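# how would this look folded up:
(one chain, ligands or ions: 2)
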Amino acid sequence: MVTVRAPATSANLGSGFDVFGVALNRPADVVHVEKADETTIDVRGVGNQYIPEDPEKNTVGAVARALDAPAHIEIDKGVRPASGLGSSAASAAAAAVALNELYDRERSNEGLVPIAAKGEAVVSGTAHTDNVAPAILGGFTIATDQEITQIETDISVVVCLPEVVVSTREARGVLPERTTIDKVVDTVGKAATLTAGMGRGDPELVGQGMHDTIITPVRSDLIPGYESVRETALEHGATGVTISGAGPAIIAVCHEQNQRAVANVMIDSFADHGVESRAYQTEIGGGAQLCSH
Ligand SMILES: Nc1ncnc2c1ncn2[C@@H]1O[C@H](COP(=O)(O)OP(=O)(O)OP(=O)(O)O)[C@@H](O)[C@H]1O
Ligand SMILES: N[C@@H](CCO)C(=O)O
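Numbering: from 1, shown residues only. Ligands and ions are numbered 1, 2, ... in the order given. Below is the predicted model:
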């Protein structure tokens with residue numbers, strides 16, 4: 001049996017829609033694989049009742065098909081589905097690394113990214129790589145169809161997950177089809193600022209670069225209390241706040257000493273809108289890790 005842990009991830013970071021992503025030190029999914037004649041799946045852990053065990057509908061089934069690696073796959077969910085924390089991607093990334101090892105497929109970690117992305121196509125209709133790239137490689141990733149660039153960093157973040165469900169499919173359904181040149185110019189500037197901040201390990205620059213005028217304004221309507229959670233987090237030391245992935249989680253970047261205060265005000269602010277939530281005080285961290293073979 002091969003066991004792999006893959007982390008939650010936060011995609012987009014405001015200005016990097018469908019391109020930027022970061023691995024989070026926690027939470028994570030753990031996937032166990034054993035060779036079998038055909039693929040079967042067992043899911044336990046957080047939100048398992050909402051996750052199909054049919055290999056045609058689970059992200060790990062698509063990964064097993066793509067690697068021609070039938071297996072009995074057990075998924076221990078630590079990342080809640082439909083969270084904006086790359087839940088579907090965490091399982092897909094862990095399965096890709098585990099099945100590659102189990103069947104000696106000898107793919108590099110970079111080569112496993114498009115394989116894991118086939119799982120994302122099963123759940124949201126598009127094989128976007130912005131969650132699976134950091135889930136496999138770790139750090140901050142810039143993922144396009146042509147290439148993936150990775151930057152190691154350990155910037156502190158708080159991710160606040162409300163008891164609200166937003167599926168990626170639903171959140172992609174509200175995206176604007178057109179935008180203005182002014183907004184494109186603004187977004188390019190912010191994305192460049194964010195990338196420089198990641199390279200320098202500077203939470204102030206990263207925070208400045210998280211602002212986005214194209215995607216976040218339309219998606220924030222799907223998250224009750226979004227504006228006040230964002231504003232209070234900024235008032236209490238966050239350097240940047242935006243929707244994590246397709247939401248409903250909200251990610252705040254901050255200096256380590258402000259994490260606790262930021263986490264508390266985000267939870268309180270959701271509560272003011274009648275929404276329960278939990279906050280992870282974590283950091284940008286490593287990617288999928290082999291636990292046992
Ligand atoms: N292994 C899996 N883990 C989690 N969800 C899965 C898995 N396989 C299929 N799904 C389905 O995928 C959907 C959740 O994926 P979705 O992309 O909407 O959320 P997410 O991964 O938390 O978000 P985001 O990509 O915005 O970070 C649910 O409908 C769930 O049933
Ligand atoms: N970039 C994707 C991430 C969610 O899977 C989106 O925002 O729709």
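# T187 should be in a helix, yeah?
Yes - counting by DSSP: H, G, I helix; E, B strand; the rest coil, T187 falls inside a helix.
# which stretches of the protein form strands?
Assigned by DSSP state E, the strands in the chain fall at 2-11, 20-35, 40-45, 71-77, 140-143, 148-151, 156-162, 238-243, 250-254, 277-283, 289-292.
# list the buried residues for stretch 160-180?
For stretch 160-180, burial by neighbour count (16 or more other CB atoms under 10 Å) applies to C160, L161, P162, V164, V166, S167, T168, A171, R172. For the C-beta atoms, the positions are set from N, CA and C on the backbone; glycine is no exception.
# and stretch 270-283, by the same measure?
Quick answer for stretch 270-283 (16+ other CB under 10 Å): F270, H273, V275, S277, A279, Y280, Q281, T282, E283.
# from those, pick the one nearest ligand 1.
Nearest to ligand 1 out of those is Y280 (CB to the nearest ligand atom; 13.5 Å).
# that closest one: what's it in contact with?
By CB atoms under 8 Å, 6 or more residues apart in numbering, the contact set of Y280 is A8, L24, R26, P27, V158, V159, C160, L161.
# okay if I get the buried residues of stretch 160-180 as JSON lines plus distance to ligand 2 and pLDDT?
As requested, the buried residues of stretch 160-180 are exported to JSON lines (distance: CB to the nearest ligand atom, whole Å; pLDDT from 0 to 100):
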{"residue": "C160", "distance to ligand 2": "17", "pLDDT": "98"}
{"residue": "L161", "distance to ligand 2": "14", "pLDDT": "97"}
{"residue": "P162", "distance to ligand 2": "16", "pLDDT": "97"}
{"residue": "V164", "distance to ligand 2": "15", "pLDDT": "92"}
{"residue": "V166", "distance to ligand 2": "10", "pLDDT": "85"}
{"residue": "S167", "distance to ligand 2": "9", "pLDDT": "83"}
{"residue": "T168", "distance to ligand 2": "4", "pLDDT": "84"}
{"residue": "A171", "distance to ligand 2": "6", "pLDDT": "91"}
{"residue": "R172", "distance to ligand 2": "5", "pLDDT": "90"}
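# among the residues you listed, which are within reach of ligand 1?
By CB under 6 Å from any ligand atom, the members of the buried residues of stretch 160-180 lying near ligand 1 are S167, T168.
# domain ranges for the chain, per the record?
With domains defined by automatic domain parsing, the chain comprises 2-151+285-292, 156-283.
# most tightly packed of those?
A comparison of these by mean neighbour count, using mean count of other CB atoms under 10 Å, puts domain 2-151+285-292 on top with a mean of 22.
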